[in-house]
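Participant: Got a predicted structure plus its sequence, pasted below:
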Amino acid sequence: MLPSLLLAQTEGEPPPSGNGEIVVTGKVPELPTEREVVRQARQVTQSTGIRHAPLPRFDGDRLCPGVMGLKADFAGLVIDRIRANAERFGLWMTDDDGSCTPNFVVAFVDDGQAILQEIADGRYWLFKDMARHERIEMLADDGPAHVWTTTQTRSRDGMPLPLGPDGRQVKADAGGGVARTSIRVREDITGVTILFDRDDVRDKTLVQLADYATMRGLARTRPVDGDGQVMDTILALFDANVTPPPEMTAFDNAYLGALYASKSNQTGLTTILGVKRELRQQATAETAAAEE
């Protein structure tokens, strides 16, 4: 349904400027403190219940990236980059033969906010399982990138839970006032649509856009200002006041590494506390590789 809404805005468009090359810069910086890492990880996480609910992630569904609005060669580069990123974190992938139905859609459009508003006006039921404040925030976002994520609450073994009395999905939440390290259910991402406003991304490389999509799509994250972060992150790609990183950073890799290395029913706070450990492991591995 969504691809048909996007098609009119995406056919025959040239790619953003930039050749998509990966730039390797410098050496691994000294690691920040655990408190600084946890603070930044919480700032980029789009969740208000991390003490009592798991962070959403792709788990029970194979990942199939798709791109609209770019010429085939350039779309293929973005898809390959997203697939390579996902495979590094151990995601369950579809065969790379072009036969799957995309559940991770990246589209380059004229006005992503207008597309989402059109869906909200004419097909409002597609947003029925979104929390009201999340829907309002998504529709009000006038930035260059717009992310619509659908999730399903499942048992920790992957079985879908029954709908609530109002016909909506039951959300993963331990309830009560006591924080736990894990609960009996998990929150699986079942689909992601990322809309880039093409006029606002022409100065970005394909690698930057694919990595930004990876960081926004494989987890429920939010964009941030680069000046307020102790570590670089691709989530600051559209901050006009800083020079954005050329690709996903050590922090980004550690964040997704912690998310996908954790148990699927682990509470979000427990996962976030593991980002520092992932950073340390990355630094150790890079040091060992440099000494070989």
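Facilitator: Now that the structure is in, tell me what you want to look at.
Participant: Quick check: the gap between residue 199 and residue 111.
Facilitator: Noted for residue 199: a distance of 9 Å to residue 111, by C-beta to C-beta, to the nearest Å. C-betas here are computed from N, CA, C, even on glycine.
Participant: swap that for residue 35, sorry
Facilitator: According to C-beta to C-beta, residue 35 and residue 111 sit 40 Å apart.
Participant: Neighbour count: these two, which is higher?
Facilitator: residue 111 (16 against 10; other C-beta atoms under 10 Å).
Participant: Any idea how far apart the tips of stretch 236-245 sit?
Facilitator: Using C-alpha to C-alpha, to the nearest Å, the end-to-end distance of stretch 236-245 comes to 8 Å.
Participant: What's the local residue count around residue 87?
Facilitator: So residue 87, with other C-beta under 10 Å, has 13 neighbours.
Participant: Can you classify it by secondary structure?
Facilitator: helix (DSSP: H, G, I helix; E, B strand; the rest coil).
Participant: What ranges in the stretch 151-292 of the chain fall below the confidence cut-off?
Facilitator: 163-180 (pLDDT under 70).
Participant: let's go with 50 and repeat that
Facilitator: For the stretch 151-292 of the chain, the stretches flagged by pLDDT under 50 are 174, 176-178.
Participant: could you pull out the helices for it?
Facilitator: Secondary structure of the stretch 151-292 of the chain (DSSP state H, counting those that start in this stretch): helices at 206-217, 250-261, 268-272, 275-291.
Participant: Packed most tightly, which of these would that be?
Facilitator: Comparing the helices of the stretch 151-292 of the chain by mean neighbour count (mean count of other C-beta atoms under 10 Å), helix 206-217 ranks first with a mean of 25.
Participant: just the angle between it and helix 250-261, please?
Facilitator: 40 degrees (axes from the mean of the first three to the mean of the last three C-alpha atoms, to 10 degrees).
Participant: then helix 206-217 to CSV, C-alphas only?
Facilitator: What follows is helix 206-217, C-alpha atoms only, in CSV (Å, rounded to 0.1, in the frame of the first residue of the first chain):
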residue,chain,number,x,y,z
LEU,A,206,25.0,7.3,-0.2
VAL,A,207,27.0,5.7,2.7
GLN,A,208,26.0,8.4,5.1
LEU,A,209,22.3,8.0,4.1
ALA,A,210,22.4,4.2,4.3
ASP,A,211,24.1,4.3,7.7
TYR,A,212,21.7,6.9,9.0
ALA,A,213,18.8,4.7,7.8
THR,A,214,20.5,1.7,9.5
MET,A,215,20.7,3.5,12.8
ARG,A,216,17.1,4.9,12.6
GLY,A,217,15.6,1.7,11.2
